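In: Sequence and predicted structure are below.
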Amino acid sequence: MAKTSSSFRCSACGAVSGKWYGRCPKCGEFSTIAEDAPAPRTAGLRASAQGSAPARPARPVSEVAIGGPVARLQTGIGEFDRVIGGGLVAGQVCLCSGPPGSGKSTLLLAVADSVARREQRTVLYVSGEESVEQIAVRAVRLGADSPHLLLADDTDLGGVIGHIDAHGASVALVVIDSVQTIASGDVEGRPGGVTQVMEVAQVLTRVAKSRGLPMILVGQVTKDSTVAGPRALEHIVDTTLSLDGDKHTSLRLLRAVKNRFGSLEVAAFEQTDAGLREVLDPSSLFREHRDSAVPGTCATVTVEGHRALTAEVQSLVASSTNPNPRRGVSGLDSARTAMLIAVSERAANLRLFDKDVFLATAAGMRISDPGTDLAVCLAVVSAARNQVVPLDMAALGEVTLSADVRPVPMMSERVAEALRIGYRRLIVPVGTRSRLGSRVEAARLIEVPSLREAIIALEAPPEPTSRSKRHQVMLRPVPNEPG
């Protein structure tokens, strides 16, 4: 008799091993390893190769009628609707994740109340983390008291589906908070494990698709801000949203990481005592307002999804007696920032090996866009030389290791956003004016091929001629830093 080999799977991370462990060697969790059930015997290759008649034959795409534009259910919260593509589609399953305390439950409770008021239909909010009384306390504080908003607390998948069946076709939206707390009695494993999460997500997705019912699932995250559970969970749903922000600030950014029914957008909210408030002009939050320029600051425009946002990069360079000077970064990628500091030191002939360098963004904004590289470099040079960047000047462009300034995507949107805020002098890569054409009449574009020329442009006096005349930068050697 042939000996069958057993495999063991971790219910927390899904890792498979050939023997049992008391502690998972991959994720480090204890008592999560269990033996996999033997897979059922399947037919051989010859039998499976014969196939069977499909229930629905394939059709040409030209013969598939979609019936015009897709109907969407608008929630009434403009920024939320814009992120998901204009509203919820029938049968759409949306996964909203974020760190603890970011405001996921607060936002979705406001969304549920708004839909209930607009549609005058039942909206079901099911929580597996809080009791109905605890949810009601927060709902009263937010003013979410629509009679069509129904609250329930249940951790059994069958009970959740029973709540949906009890109201039938009158349900307009279902919110599940959270998917990791719901368990099914048909499969083994603890709630939140790989087996349970996949089973719950697949069943709820089938319910939403079969009934044309929009559904929003709240997802918990791990310590590295990724959705807890298997990565397949993000593939099952139609839309994945991420709500994050610095815990020391009230700003919250809602990003669409995946959206089958729209583009990837971003929205800004401000956390207040009355809930999350929409921020219609996020650029005003990311830029410091001051009457005069100060050294170490430079404005730029970053892109989140398809939205251009104004941001301000701040830098501080201070003398240090430490043999290993500090490099502090907040809101920027530390590895890329270290590279840009080295490029700035070489291009401007600076001495930073004996100085502490700190870089941050205003309002706690997180930036990973290469289009802000030039602003980071100019902020470092401005702080090191105690030289101000004019208030009406912004920098756009990517900086390479060779100190070249390269163009970045969506340059027209970046320039338009800078002009809307009030910037009139923009340091940009060479070729920007020819690509934008007549759309930049109100701006003075200073085209620079490298970081060295961008530093020189800071010292150039304002151009006294008309706006239509192209600015010419007089190149001259950058003086060495004393000492």
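Out: That came through, no problem.
In: Show me how far the helix or strand hosting residue 124 is from its chain's centre.
Out: In the assignment (DSSP states H and E), residue 124 maps to strand 122-127. A distance of 26 Å separates the centroid of the chain from that of strand 122-127, by C-alpha atoms, centre = their mean, to the nearest Å.
In: what's the distance between the residue nearest to residue 99 when sequence neighbours are not counted and residue 449?
Out: Once flanking residues are discounted, residue 99 sits nearest to residue 221: 5.7 Å by C-beta to C-beta, 6 or more residues apart in numbering. Backbone N, C-alpha and C define where each C-beta goes, glycine included. Distance of residue 221 to residue 449, computed by C-beta to C-beta, to the nearest Å: 43 Å.
In: and those two? which has more neighbours close in?
Out: residue 221 (20 against 15; other C-beta atoms under 10 Å).
In: hmm, back to that, how much space separates the residue nearest to residue 99 from residue 243?
Out: On the measure of C-beta to C-beta, residue 221 and residue 243 end up 10 Å apart.
In: Domain-wise, how is the protein divided?
Out: Under the assignment automatic domain parsing, the domains of the chain span 8-34, 75-280, 285-459.
In: Just send those domains back as JSON lines, with distance to residue 52 too.
Out: Output for the domains of the chain, formatted as JSON lines (distance: least, C-beta to C-beta, whole Å):
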{"stretch": "domain 8-34", "distance to residue 52": "31"}
{"stretch": "domain 75-280", "distance to residue 52": "22"}
{"stretch": "domain 285-459", "distance to residue 52": "43"}
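In: Can you check which of those gets nearest to residue 53?
Out: domain 75-280 (22.8 Å; C-beta to C-beta).
In: Run the chain-centre distance for the closest one.
Out: 16 Å.
In: same question for it, mean pLDDT?
Out: Across domain 75-280, pLDDT averages out at 89.
In: rewinding a little: shared neighbours, residue 221 and residue 243?
Out: 97-98 (C-beta atoms under 8 Å, 6 or more residues apart in numbering).
In: contact partners of the helix or strand hosting residue 338?
Out: Element membership for residue 338 (DSSP H and E) is helix 334-347. With contacts defined as C-beta under 8 Å, 6+ apart, helix 334-347 is touched by 327, 329, 350-352, 357, 359, 370, 373, 376-377, 380-381, 384, 399-401, 403, 450-452, 455, 478.
In: before we move on, back to that, after the strand holding residue 124 comes which helix or strand?
Out: helix 132-142.
In: Kindly list the longest strand within the protein.
Out: Ranked by residue count under DSSP state E, the longest strand found in the chain is strand 307-319.
In: So which other helices or strands are in contact with that strand?
Out: helix 283-286, strand 297-304, strand 355-361, helix 373-385, helix 411-421 (3 or more C-beta pairs under 8 Å, 6 or more residues apart in numbering; DSSP states H and E).
In: Quickly run through the sheet partners of it, with directions.
Out: strand 297-304 (antiparallel), strand 355-361 (antiparallel) (DSSP bridges).
In: Which one, of these, ends up nearest to residue 203?
Out: By C-beta to C-beta (comparing all of the strands paired with strand 307-319), the closest turns out to be strand 297-304, at 33.8 Å.
In: what's the angle between that closest one and helix 373-385?
Out: Strand 297-304 and helix 373-385 are oriented at 160 degrees to each other (axes from the mean of the first three to the mean of the last three C-alpha atoms, to 10 degrees).
In: can I have strand 297-304 written out in PDB, keeping just the CAs?
Out: Written as PDB, here are the backbone C-alpha positions of strand 297-304 (Å, rounded to 0.1, in the frame of the first residue of the first chain):
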ATOM      1  CA  THR A 297      11.000  74.900   2.500                       C
ATOM      2  CA  CYS A 298      10.000  74.200  -1.100                       C
ATOM      3  CA  ALA A 299       6.600  73.700  -2.700                       C
ATOM      4  CA  THR A 300       5.700  70.900  -5.100                       C
ATOM      5  CA  VAL A 301       2.800  69.100  -6.600                       C
ATOM      6  CA  THR A 302       2.300  65.400  -6.100                       C
ATOM      7  CA  VAL A 303      -0.200  63.000  -7.800                       C
ATOM      8  CA  GLU A 304      -2.400  60.600  -5.800                       C
END
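In: How about residues contacting it?
Out: So strand 297-304 is contacted by 253, 255, 265-266, 287-288, 308-315, 367, 369, 371-372, 374-376, 378-379, 382, 389, 393-396, 409-410, 413-415, 417-418, 423 (C-beta under 8 Å, 6+ apart).
In: In PyMOL, how would I select the buried members of these?
Out: Listed next is the PyMOL selection for buried residues among the contacts of strand 297-304, using 16 or more other C-beta atoms under 10 Å:
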select buried, resi 253+255+265+266+287+308+309+310+311+312+313+314+315+367+369+371+372+374+375+376+378+379+382+389+393+394+395+396+410+414+415+417+418+423
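In: on that earlier part again, which members of the contacts of helix 334-347 are classed as buried?
Out: 329, 350, 352, 357, 359, 370, 373, 376-377, 380-381, 384, 399, 403, 450-452, 455, 478.
In: First-to-last residue distance for stretch 182-198?
Out: End-to-end span of stretch 182-198 (C-alpha to C-alpha, to the nearest Å): 11 Å.
In: buried sites along it?
Out: Quick answer for stretch 182-198 (16+ other C-beta under 10 Å): 182-184, 189, 191-198.
In: Check stretch 107-125 too.
Out: 107-117, 119, 122-125.
In: next one: stretch 336-348
Out: For stretch 336-348, by 16+ other C-beta under 10 Å, it's 336-337, 339-341, 343-345, 347-348.
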